[in-house]
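**Q** All I have is the shape, not the residue letters:
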């Protein structure tokens, strides 16, 4: 006897495949987002913790025009950053993160429109 409740339809398989691709795109966005960037030759981390630290330092720099901090860069060295530099770096980090989310949104929209997508192509960084 055949248990028809166990049969997977073509539509169900397509949705499963689309969900797997959505998950792959989200994973790839997270990887690109956390990969780091280079600003004026300085390696800058862009993971969630680093984003928070830069945002906090940027607030301090906005409140105190003389604020400066010795920042540990992505390669492990320390660099004295002025308030203006901190704000510029925080802005660049935020722009990188947003570009990663924008790429994810573009890929998901294309997928939803039935277009073929390459989850590994076109990421910032």
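**A** Everything's here; your move. As the structure is a prediction and not an experimental result, all values here were calculated from the model.

**Q** how about the nearest residue to residue 84, chain neighbours excluded?
**A** residue 61 (7.4 Å; CB to CB, 6 or more residues apart in numbering). (Each C-beta comes from the backbone N, C-alpha and C, glycine too.)

**Q** residues contacting the residue most central in space within the chain?
**A** For the chain, residue 33 is the residue whose C-alpha lies nearest the centre (CA atoms, centre = their mean; 2.2 Å). Residues in contact with residue 33, defined by CB atoms under 8 Å, 6 or more residues apart in numbering, are 46-47, 96-97, 100-101.

**Q** try 6 Å this time
**A** Residue 33 makes contact with 97, 100, according to CB atoms under 6 Å, 6 or more residues apart in numbering.

**Q** please begin residue numbering at 523 from this point
**A** Okay, residue one is now 523; in that scheme the one you just asked about reads as residue 555.

**Q** Could you measure from it over to residue 616?
**A** 11 Å (CB to CB, to the nearest Å).

**Q** Would you state the helices of the protein in chain order?
**A** 532-556, 570-585, 605-634 (DSSP state H).

**Q** Compare the ones you listed and report which one is nearest to residue 598.
**A** helix 570-585 (13.6 Å; CB to CB).

**Q** and the direction of that closest one versus that of helix 532-556, what angle?
**A** On the basis of axes from the mean of the first three to the mean of the last three CA atoms, to 10 degrees, helix 570-585 is oriented at 50 degrees to helix 532-556.
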